[in-house]
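Participant: below are the sequence and a predicted model for it; my questions follow.
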Amino acid sequence: MRRLVSRYSTLTRYSSVLWLPVTLGLLIGAAAAGSPWAFLGAAVLCYAAEYVVGRTLPDAARPLRWGQMSPGARVLARQAALVLLLVQSGDAGRPTIVLAAVGLLLVDWLRAATLAGAVASRRVNRLPFATRNLGEGEPALPAPIAPRQARLTLLLESQADLLPLLFGTVGLLVGLPVLVAGGLLGTAAIAVAVAAAQLPRLRRMRALLNAERTGRDVQRRVARYKPEVVLYFTGPPTTVYQANMWLQALERLDRKAMVLVRSPEVVGALAPTPLPVVCITRAEDMMNFDLGTVKVALYPGNTGKNLHLLREEHIKHVFVGHGDSDKGPSSNPVSKVFDEVWVAGPAGRDRYHNSDAGVRDEAIVEVGRPQLGEITTEPSGGPVPTVLYAPTWEGWDNEHGYSSLLGMGERIVRTLLEQGPRLRVIYRPHPYTGRRLPEAAAVHARLIKMIEQANRGGAGGHQVVTGADASLYECFNRSDMLITDISSVISDYIPSLKPYVVTNPDGMDENLFRTEFPSASAAYLLSPGCAELADILAVAATPGQDPLAAERRTLRDYLLGPEHPDAMTRFAAAVDALAQAGPRSTMYAISGRAVSAATEHA
């Protein structure tokens with residue numbers, strides 16, 4: 001059924017895109033008839049279609065591109081329609097027609113050059129190196145493109161015909177066809193202004209693209225800084241939260257730490273930090289870069305590009321992950337390639353023992369979660385209880401899908417909103433939501449609409465938190481209860497000692513569910529029908545009447561380790577112990593050609 005709904009939605013979406021070529025056909029038909037008034041009406045309809053399709057169907061570009069109907073092609077078609085109108089009307093003389101045709105051609109050349117400059121200035125991911133916090137004159141990313149410049153560039157890309165078409169049509173209506181020249185001059189002026197604004201950024205980009213010179217500069221600055229600890233992160237900007245959660249812990253170390261990333265876009269996406277940030281984009285530059293002073297490398301994710309640093313045998317390599325959870329991927333066999341795997345508490349150690357990951361017990365170190373120090377046990381302090389709904393994403397495949405969003409999300413949020421002014425709702429989705437399944441993105445959009453409608457209806461106070469609006473931990477402190485799925489959100493919320501609800505989207509037997517997912521042992525479970533939710537919510541409204549409070553204290557120690565010494569102390573001690581150890585006894589020649597490792601890592 002879900003597949004049929006998806007196909008119907010896709011068919012409806014793609015057929016709606018036909019509105020653009022239909023309105024364009026009407027415009028050409030009006031031009032062929034030589035009627036300025038009909039042409040003007042068709043033009044209004046054509047631009048309205050562009051606006052509506054762009055706002056309501058953001059993925060319309062794909063089917064339009066398949067049909068060779070890109071924004072540039074539509075601009076050219078409308079320009080041709082204008083010239084046809086001038087010819088067919090009979091009121092424009094030959095000089096005006098030639099002026100319009102030649103002028104549009106020149107404007108298009110200016111437009112093409114400007115758009116090429118815009119593309120070049122946006123391709124920061126082609127930069128071989130980029131840095132932050134390595135001193136004055138460093139090869140930092142260019143300043144962001146000004147919003148006004150971006151809007152003008154978009155106007156040139158999709159509506160460069162607007163002014164000539166408007167001036168030319170009005171000119172025919174008032175008997176002055178030569179007015180088309182005003183539209184041509186206006187568009188040309190915009191293109192020249194945008195091109196002039198691009199020049200400083202393009203010059204900066206050209207300098208940064210000199211890999212040899214920039215690489216020497218970065219190497220010199222890193223050698224001067226002498227980092228001992230590196231946080232190594234690879235991935236798109238949407239996953240940068242995985243690195244951000246470790247920044248403050250690294251800042252508090254007594255050893256010099258640095259962040260090493262592999263995409264220039266990530267440099268700009270990282271949270272503010274005084275730590276030096278270095279981006280080395282290309283594999284060959286990464287493997288030739290001298291990191292001789294580095295003793296410990298920390299990896300928040302298991303990605304292919306980890307191999308480019310894992311080959312450094314003088315460095316101790318540690319998988320720290322980006323959250324402890326009962327998900328299957330949290331005990332990935334790939335973790336064997338690291339010297340050590342750091343987990344939060346005994347639960348993490350047991351998770352590896354109970355899996356077939358093959359990680360040795362002595363390679364597992366319990367360091368707590370140093371980033372959770374900001375989470376308090378205090379109530380939200382609001383006039384009414386606040387419930388945070390923080391579902392996980394749909395997963396890489398159905399086998400590892402733990403999200404409640406598709407089957408339960410709307411029912412959960414609807415039940416929460418039905419409590420009216422007695423309850424406040426915060427909805428914070430996973431950053432990956434909708435990445436694999438368009439249906440998940442559609443549900444996410446509907447939840448946002450439900451919350452907006454509830455706020456407009458007078459309920460007020462409900463909030464949708466995405467991106468950098470607020471960190472997950474800030475949301476924890478602003479809540480009195482959590483509703484979530486099997487994910488690291490559970491272990492991160494546990495320090496608050498507040499009640500939490502875990503969804504059971506497959507309706508698994510409760511005892512079996514708690515056995516398979518130990519992080520849910522102190523949770524209220526929510527079945528697919530959500531019939532229990534109203535009664536569970538009463539717990540949030542009656543502090544001190546929570547029967548699972550004692551179990552949460554026990555679970556906290558199991559998931560995160562003891563309170564004393566605190567997690568930051570344990571984390572720093574683990575870094576020191578590894579940094580003071582001798583060089584690695586294993587050697588990895590990891591290039592796809594050979595891998596040689598000691599048997600204890602097998």
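Facilitator: Great, that's in hand. All of these numbers come straight from a predicted model, not from anything done at the bench.
Participant: CA atoms only: put the strand or helix carrying Glu50 into PDB for me.
Facilitator: Assessed by DSSP states H and E, Glu50 sits inside helix 36-56. In PDB, the C-alpha atoms belonging to helix 36-56 read as follows (Å, rounded to 0.1, in the frame of the first residue of the first chain):
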ATOM      1  CA  PRO A  36       0.400  42.000 -27.200                       C
ATOM      2  CA  TRP A  37      -2.500  41.700 -24.700                       C
ATOM      3  CA  ALA A  38      -2.800  37.900 -25.100                       C
ATOM      4  CA  PHE A  39       1.000  37.700 -24.900                       C
ATOM      5  CA  LEU A  40       1.000  39.700 -21.600                       C
ATOM      6  CA  GLY A  41      -1.600  37.500 -20.100                       C
ATOM      7  CA  ALA A  42       0.200  34.300 -21.100                       C
ATOM      8  CA  ALA A  43       3.400  35.800 -19.700                       C
ATOM      9  CA  VAL A  44       1.800  36.400 -16.300                       C
ATOM     10  CA  LEU A  45       0.500  32.900 -16.300                       C
ATOM     11  CA  CYS A  46       3.900  31.500 -17.300                       C
ATOM     12  CA  TYR A  47       5.700  33.300 -14.500                       C
ATOM     13  CA  ALA A  48       3.000  32.300 -12.000                       C
ATOM     14  CA  ALA A  49       3.600  28.700 -13.000                       C
ATOM     15  CA  GLU A  50       7.300  29.100 -12.500                       C
ATOM     16  CA  TYR A  51       6.700  30.400  -9.000                       C
ATOM     17  CA  VAL A  52       4.100  27.900  -7.900                       C
ATOM     18  CA  VAL A  53       6.000  24.900  -9.200                       C
ATOM     19  CA  GLY A  54       9.200  26.100  -7.600                       C
ATOM     20  CA  ARG A  55       7.600  26.600  -4.200                       C
ATOM     21  CA  THR A  56       5.300  23.500  -4.100                       C
END
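Participant: could you pull out the helices for the stretch 151-300 of the chain?
Facilitator: Secondary structure of the stretch 151-300 of the chain (DSSP state H, counting those that start in this stretch): helices at 162-174, 180-208, 211-225, 241-251, 264-269, 283-288.
Participant: out of those, which gets nearest to Thr503?
Facilitator: In terms of CB to CB, the element of these nearest to Thr503 is helix 241-251, at 21.5 Å. In this view, the C-beta of every residue, glycine as well, is placed from N, C-alpha and C.
Participant: on that earlier part again, and the helix holding Glu50, what's its mean pLDDT?
Facilitator: The predicted model assigns helix 36-56 a mean pLDDT of 86.
Participant: for that helix, buried residues please.
Facilitator: For helix 36-56, the buried set under the neighbour-count rule, 16 or more other CB atoms under 10 Å, comprises Pro36, Ala38, Phe39, Leu40, Ala42, Ala43, Leu45, Cys46, Tyr47, Ala49, Glu50, Val53.
Participant: show me the shaky parts of the stretch 301-450 of the chain.
Facilitator: Applying pLDDT under 70 to the stretch 301-450 of the chain picks out residues 327-330, 397-400.
Participant: hmm, back to that, and the helix holding Glu50 with helix 162-174, angle?
Facilitator: With axes from the mean of the first three to the mean of the last three CA atoms, to 10 degrees applied, the angle from helix 36-56 to helix 162-174 works out at 160 degrees.
Participant: what's helix 36-56 packed up against?
Facilitator: In terms of contacts (3 or more CB pairs under 8 Å, 6 or more residues apart in numbering; DSSP states H and E), helix 36-56 is packed against helix 19-33, helix 71-89, helix 147-159, helix 162-174.
Participant: ok so, going back, kindly present the buried residues of helix 36-56 as TSV, with separate columns for distance to Asn455.
Facilitator: TSV is the format used below for the buried residues of helix 36-56 (distance: CB to CB, whole Å):
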residue	distance to Asn455
Pro36	47
Ala38	45
Phe39	44
Leu40	41
Ala42	40
Ala43	38
Leu45	35
Cys46	36
Tyr47	32
Ala49	31
Glu50	31
Val53	28
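Participant: identify each buried residue in stretch 277-295, please.
Facilitator: Val277, Val278, Cys279, Ile280, Thr281, Arg282, Asp285, Met286, Phe289, Leu291, Val294, Lys295.
Participant: now, which of these sits nearest Leu482?
Facilitator: Val277 (32.1 Å).
Participant: doesn't Arg262 make contact with that closest one?
Facilitator: No. Assessed by CB atoms under 8 Å, Val277 is found out of contact with Arg262, at 11.8 Å.
Participant: how far is the helix holding Glu50 from where the chain is centred?
Facilitator: How far helix 36-56 lies from its chain's middle: 33 Å, per CA atoms, centre = their mean, to the nearest Å.
Participant: outside of it itself, list whatever touches it.
Facilitator: With contacts defined as CB atoms under 8 Å, 6 or more residues apart in numbering, helix 36-56 is touched by 16-17, 19-20, 22-24, 26-27, 29-31, 60, 74, 78, 81, 85, 89, 158-159, 162, 165-166, 169, 172-173.
Participant: now, of the residues you listed, which are buried?
Facilitator: Among those, those classed as buried by 16+ other CB under 10 Å are 16-17, 19-20, 23-24, 26-27, 30-31, 60, 74, 78, 81, 85, 89, 158-159, 162, 165-166, 169, 172-173.
Participant: ok, for the spatially most central residue of the chain, nearest residue in space, not its chain neighbours?
Facilitator: The centre of the chain sits closest to Thr238, judged by CA atoms, centre = their mean, with a distance of 2.3 Å. In space, and not counting its chain neighbours, Thr238 is closest to Pro431: 5.4 Å by CB to CB, 6 or more residues apart in numbering.
Participant: now that neighbour, what's its secondary structure?
Facilitator: Under DSSP: H, G, I helix; E, B strand; the rest coil, Pro431 falls in the coil class.
Participant: all strands for the stretch 301-450 of the chain, in order.
Facilitator: 316-319, 340-343, 364-366, 386-390, 424-427 (DSSP state E, counting those that start in this stretch).
Participant: give the other helices and strands that the last one contacts.
Facilitator: Applying 3+ CB pairs under 8 Å, 6+ apart, one finds that strand 424-427 contacts strand 386-390, helix 410-417, helix 438-456, strand 463-464.
Participant: adjacent strands (with direction) for the shortest one?
Facilitator: For strand 463-464, the paired strands and their directions (DSSP bridges) read strand 424-427 (parallel).
Participant: let's see the partner strand as PDB, backbone CA atoms only.
Facilitator: Backbone C-alpha positions of strand 424-427 (Å, rounded to 0.1, in the frame of the first residue of the first chain) are rendered in PDB as follows:
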ATOM      1  CA  ARG A 424       4.000  21.800  25.300                       C
ATOM      2  CA  VAL A 425       5.600  19.800  22.400                       C
ATOM      3  CA  ILE A 426       9.200  20.100  21.000                       C
ATOM      4  CA  TYR A 427       9.700  18.100  17.800                       C
END
